[in-house]
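[1] Okay, predicted coordinates and the sequence, questions at the end:
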Amino acid sequence: MLDTVVQSPDVEALMNDIGRKAKAAARPLGFASTEAKNRALSAMADAILADKDRILAENAKDLEEVAGTDMLASFIDRLTLNDKRVVEMAEGIRAIAALKDPVGEVIAAWDRPNGLKIERVRTPLGVIGVIFESRPNVTADAGALCLKAGNAVILRCGSDSRRSSQAIHDCLVRGLKAAGLPEHAIQLVPVSDRAAVGAMLRGLDGAIDVIVPRGGKSLVARVQNEARVPVFAHLEGLCHIYVDASADLEMAKQIIVNAKMRRTGICGAVETVLVDGAVAGTHLLPLLDELSVAGCEIRGSAAVVTAAVGIKPATEEDWSTEYLDAIVSVAVVDGISGAIAHIQKYSSNHTEAVIAEDPEVVQRFFTEVDSAILLHNASTQFADGGEFGMGAEIGIATGKMHARGPVGVEQLTSFKYRVHGTGQIRT
């Protein structure tokens, strides 16, 4: 409960104690049965639905506290819960329970000429630290995903979502207890002191195996700069859509408006639209009109400003800005080569899409664009673990080591080798 939040003068000692408890819980969790984990997840979902009114009441207090501050509208949207979002939270946990248990899965197996049989097998990572802002749903998503993958998790929410996150965390702990699993397998840091983040980044005396940040650019940058343990992270979602000369115009209009305006504050929202110069005369104005009617502000390159009335000229900064708002940058480019060059210069390697009917254009886009998620004739808002069939995600990783794209249960595992012999010795 929020009333039990600890205000300890010795944050380092408190955090190291949390780390020890997480490490102790991780061991039995690593070989817990699928049935026990799924029973816990089901009980968690039930508890969230049973406590929906309390969760919404605590969320209302969080929202009241940030009212009148300079918090961005996109962050307030992420902070806000309603009946639908709480129900979806519970449904997400049930979807995770329905996933195949990755722990113990044989990824590959082969025989050696000397008769040794070798298997590569999935194992839990151990203890995962998740640091997040404004997203109380991450409490449920991260807790459930880590549990399914056999990991203990330490959750550190932002002060803006502390009441909502605590109410959700209480439900997760009830689920663990109902299944006879260690209650310290999912812990929520009970202090808002920023020193707690620093302690997690130092690894809690060796307890934390990986850190996952979910928040604004400043938080993620701090984590990447200071962490002494591996990090699954992206700095921002600077997503692009390229409209090729072969694109179906009606399809392009629908996809782009959805990609920008469905939810402007998520990392999969498109921020830059690139239009092939070969069809600028036929495609550009209809696309701009569709965005304007939807309430989107447009900032354009010189060619766009020349072609349309009332378009604000884009600055160099616009091409590298994650707006998280109803604003989009639009440029006319020289075909697929121009689009790829623009994306290579400005992309954050999160998500890009191509709208085209020419298979050669699509193949080149998929081959030459090096982002974590690439889409063809689909909205960038599908950049989401739930939409990928992962149940949920802890985040979208844009690095190239271990996990890339949506981080779900499989990405929250490592592997080990099992070697079976019949008495072989090495000469």
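    Looks like it arrived, so ask away.
[2] mind showing which ranges of this protein have poor pLDDT?
    Applying pLDDT under 70 to the chain flags residues 1-9, 234-235.
[3] show me where it has helices.
    Assigned by DSSP state H, the chain shows helices spanning 11-30, 34-50, 52-66, 73-79, 83-98, 137-148, 162-178, 195-201, 217-226, 249-261, 285-293, 302-307, 335-346, 359-368.
[4] for the third one, packing partners?
    In terms of contacts (3 or more Cβ pairs under 8 Å, 6 or more residues apart in numbering; DSSP states H and E), helix 52-66 is packed against helix 73-79, helix 83-98, helix 162-178. Every residue, glycine included, has its C-beta placed from N, CA and C.
[5] List the contacts of it.
    Contact with helix 52-66 is made by 2, 48, 76, 79-83, 86-87, 136, 160-164, 166-168, 171, as judged by Cβ atoms under 8 Å, 6 or more residues apart in numbering.
[6] Name the residues of stretch 275-285 that are buried.
    Neighbour-count burial for stretch 275-285 flags 275, 276, 277, 279, 280, 283, 284 (criterion: 16 or more other Cβ atoms under 10 Å).
[7] taking those residues one by one, which sit in strands?
    Per DSSP state E, strands hold the following members of those: 275, 276.
[8] Out of the buried residues of stretch 275-285, which is nearest to residue 425?
    Set against residue 425, the nearest of these by Cβ to Cβ is residue 276 (64.9 Å).
[9] Let's have the helices and strands packed on helix 52-66 in a markdown table, adding distance to residue 385.
    Output for those, formatted as a markdown table (distance: least, Cβ to Cβ, whole Å):
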| stretch | distance to residue 385 |
| --- | --- |
| helix 73-79 | 16 |
| helix 83-98 | 9 |
| helix 162-178 | 18 |
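[10] Check the burial of residue 367 by counting its neighbours.
    10 (other Cβ atoms under 10 Å).
[11] do you know how far it is from residue 76?
    Per Cβ to Cβ, to the nearest Å, residue 367 is found 40 Å from residue 76.
[12] what's the closest non-adjacent residue to residue 193?
    Nearest-residue entry for residue 193: residue 11, 5.1 Å, with adjacent residues in sequence omitted and distances by Cβ to Cβ, 6 or more residues apart in numbering.
[13] about what we covered before: deepest-packed of the helices and strands packed on helix 52-66, please.
    Among the helices and strands packed on helix 52-66, helix 162-178 has the highest mean neighbour count (mean count of other Cβ atoms under 10 Å), at a mean of 23.
[14] can you list contacts of that one?
    Applying Cβ under 8 Å, 6+ apart, the contact partners of helix 162-178 are 1-2, 5, 39-48, 50-51, 54-55, 58-59, 61-62, 79, 81, 89, 136-137, 139-140, 143-144, 147, 155, 157, 182-183, 185-186, 188, 192.
[15] which of those residues count as buried?
    Buried among the contacts of helix 162-178 by 16+ other Cβ under 10 Å: 39-48, 51, 55, 58-59, 62, 79, 81, 89, 136-137, 139-140, 143-144, 147, 155, 157, 182, 185-186, 188.
[16] returning to what we had before: indicate which one of the helices and strands packed on helix 52-66 is closest to residue 30.
    So among the helices and strands packed on helix 52-66, helix 162-178 is nearest, using Cβ to Cβ, at 14.7 Å.
[17] Can you give the distance of the closest one from its chain's centre?
    Computed by Cα atoms, centre = their mean, to the nearest Å, the chain-centroid distance of helix 162-178 equals 21 Å.
[18] Do I have it right that residue 251 meets residue 355?
    Yes: at 6.5 Å, residue 251 and residue 355 qualify as touching, with contact defined as Cβ atoms under 8 Å.
[19] Neighbour count for these two, which is higher?
    Per other Cβ under 10 Å, whichever of residue 251 and residue 355 has more neighbours is residue 355, with 29 against 14.
[20] what's the closest non-adjacent residue to that one?
    The shortest distance from residue 355 to any residue other than its chain neighbours is 4.2 Å, reached at residue 247 (Cβ to Cβ, 6+ apart).
[21] mind checking which of the helices and strands packed on helix 52-66 is nearest residue 419?
    helix 83-98 (32.0 Å).
[22] which strands and helices sit next to that closest one?
    Applying 3+ Cβ pairs under 8 Å, 6+ apart, one finds that helix 83-98 makes contact with helix 34-50, helix 52-66, helix 137-148.
[23] ok, back up a step: can the helices of the chain go into a markdown table with extra columns for distance to residue 111?
    Formatted as a markdown table, the helices of the chain follow (distance: least, Cβ to Cβ, whole Å):
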| stretch | distance to residue 111 |
| --- | --- |
| helix 11-30 | 28 |
| helix 34-50 | 28 |
| helix 52-66 | 53 |
| helix 73-79 | 50 |
| helix 83-98 | 34 |
| helix 137-148 | 31 |
| helix 162-178 | 41 |
| helix 195-201 | 43 |
| helix 217-226 | 42 |
| helix 249-261 | 48 |
| helix 285-293 | 57 |
| helix 302-307 | 61 |
| helix 335-346 | 43 |
| helix 359-368 | 35 |
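[24] Nearest to residue 325 among those would be which one?
    Among those, helix 73-79 comes nearest to residue 325, with 6.3 Å by Cβ to Cβ.
[25] send the alpha carbons of that closest one over as PDB?
    This file holds the C-alpha atoms of helix 73-79, laid out as PDB (Å, rounded to 0.1, in the frame of the first residue of the first chain):
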ATOM      1  CA  ALA A  73       0.300  15.600 -23.000                       C
ATOM      2  CA  SER A  74       1.800  12.400 -24.400                       C
ATOM      3  CA  PHE A  75       3.100  11.500 -20.900                       C
ATOM      4  CA  ILE A  76      -0.300  12.300 -19.300                       C
ATOM      5  CA  ASP A  77      -1.900   9.900 -21.800                       C
ATOM      6  CA  ARG A  78       0.600   7.200 -20.800                       C
ATOM      7  CA  LEU A  79      -0.200   7.800 -17.200                       C
END
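[26] which residues sit against it?
    Helix 73-79 is contacted from outside by 59, 62-63, 66, 71, 133-136, 160-161, 164, 216, 263-266, 324-325, using Cβ under 8 Å, 6+ apart.
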